[in-house]
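K.L.:
Here is my input, please return the structure:
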Amino acid sequence: MDSKYIFGVLILLLLTQALAGQEQWVFPGDANVNGIVDHYDLLPTGYAFGQVGPSRNVIDHMTPEAILAPWSDNFPDGTNFIHADANANGIVELLDLIMVSQNRGLGTGSITPLDFPVGIPDVDPSLRLNNSQTVTISEDNVTLTLDLTVDSPDPQQAFNGIAFDIVYDPTYVTDVELDLAADWLTADGAAFQFVVPTPGLIQVGLTRYGSDPVVGSGPLGTLNLVIIDDLIALLETVPDTNFAPLRIRNIQSFDGDFLPVPIADDSLRVRPLTTETVTSIEQKTAPNIRVYPNPSTDFFTVQAAELRIQRAVLYDPWGRPLELYRGAPTTQLNLAFPPHLPPAVYRLLLLTADGRTRVLTITHY
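P.N.:
Now for the predicted structure:
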């Protein structure tokens, strides 16, 4: 056979593999093939539940595995069902959904952004928090229990699964818990749930087993959160106006044919009420706590005249926490900015021995 012909065939095969690269390998748990395992992979894995096909050679369930033979069926976007078989045993089952949870955060290192169709309120379904009503709080009302529901104008709208993020500002919200309801989407037990809380973020995913959608509207769960007790004093906005310390974003949902369902998002709107005028953070915090020097290049001192501090957490402008102190209650802390932190305005959350919280603003330059 002509060597040029053989060389040409080899080049064609290499080009074909390069163009279809994602179909040459399976990363266990990355069912949507976007390069990372997360709660959104529950949706295609759940939809493909019960599908069967050739098994794969297993390495360690945490690295890419070669596709020797694709499965006979695909998702509507053309992705092969083999990507939903996380444990490589030739059938999509409960263990594959569990592996999505176990491999969360792992991936190929090259991430493709997902598509999050944005719904139009009162036209498309909405994921509502507290029925989209503003919450009024006072200085004595810091614990909230809110309903989380899917509201669809079309009573026949089908839902086979939904995944989303709950994002909150840990400067103002000290504790958040989501209790998923055993109702509507999961009422018959034929569904899988996934909730992963981290500071400032809760990742949520719910999927039916196979193509088995529910229709209409229904409850997803209850959100319980604690807002810091001196919120009114620490707000940088004028009291008696609304602000949003928590919101729902990046919603992805599919119907019984695994076609995307646009869903409108929502946020928690809080209206703090007070009878006094607050003009700055310092007016409330200065009598009890002093921070100096401020601004600071490295070291700074926190001095409390009456409060005994047992924990200090620094939050950067993006809401990421860094614990600076946790120990015996004290009225004075000698702290320092970690050397890797860039110049910016930071918030310092202080927790006292009697359960109170204080938030100070400190500038690092």
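K.L.:
now the helices for the stretch 201-350 of the chain?
P.N.:
For the stretch 201-350 of the chain, the helices defined by DSSP state H, counting those that start in this stretch cover 231-234, 281-285.
K.L.:
Mean pLDDT lowest where, among these?
P.N.:
Per-stretch mean pLDDT for the helices of the stretch 201-350 of the chain is lowest at helix 281-285 (a mean of 35).
K.L.:
Output stretch 49-68 in PDB with nothing but the alpha carbons.
P.N.:
The C-alpha trace of stretch 49-68 is given here as PDB (Å, rounded to 0.1, in the frame of the first residue of the first chain):
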ATOM      1  CA  PHE A  49     -30.800   6.700  34.800                       C
ATOM      2  CA  GLY A  50     -31.300   3.100  33.700                       C
ATOM      3  CA  GLN A  51     -29.500   3.400  30.400                       C
ATOM      4  CA  VAL A  52     -27.000   0.600  29.500                       C
ATOM      5  CA  GLY A  53     -24.000   0.300  27.300                       C
ATOM      6  CA  PRO A  54     -20.400  -1.000  27.100                       C
ATOM      7  CA  SER A  55     -18.400  -0.800  30.300                       C
ATOM      8  CA  ARG A  56     -15.000   0.900  30.400                       C
ATOM      9  CA  ASN A  57     -11.500   0.200  31.700                       C
ATOM     10  CA  VAL A  58     -11.400   1.700  35.200                       C
ATOM     11  CA  ILE A  59      -8.300   3.600  36.400                       C
ATOM     12  CA  ASP A  60      -9.200   5.200  39.700                       C
ATOM     13  CA  HIS A  61     -12.600   6.900  39.000                       C
ATOM     14  CA  MET A  62     -10.800  10.300  39.300                       C
ATOM     15  CA  THR A  63      -9.000  10.500  36.000                       C
ATOM     16  CA  PRO A  64     -10.100  10.500  32.300                       C
ATOM     17  CA  GLU A  65     -11.000   7.000  30.900                       C
ATOM     18  CA  ALA A  66     -10.800   6.100  27.200                       C
ATOM     19  CA  ILE A  67     -14.000   5.400  25.300                       C
ATOM     20  CA  LEU A  68     -13.400   2.100  23.500                       C
END
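K.L.:
Could you pull out the buried residues of it?
P.N.:
49, 51-53, 56, 61, 65, 67 (16 or more other Cβ atoms under 10 Å). Every residue, glycine included, has its C-beta placed from N, CA and C.
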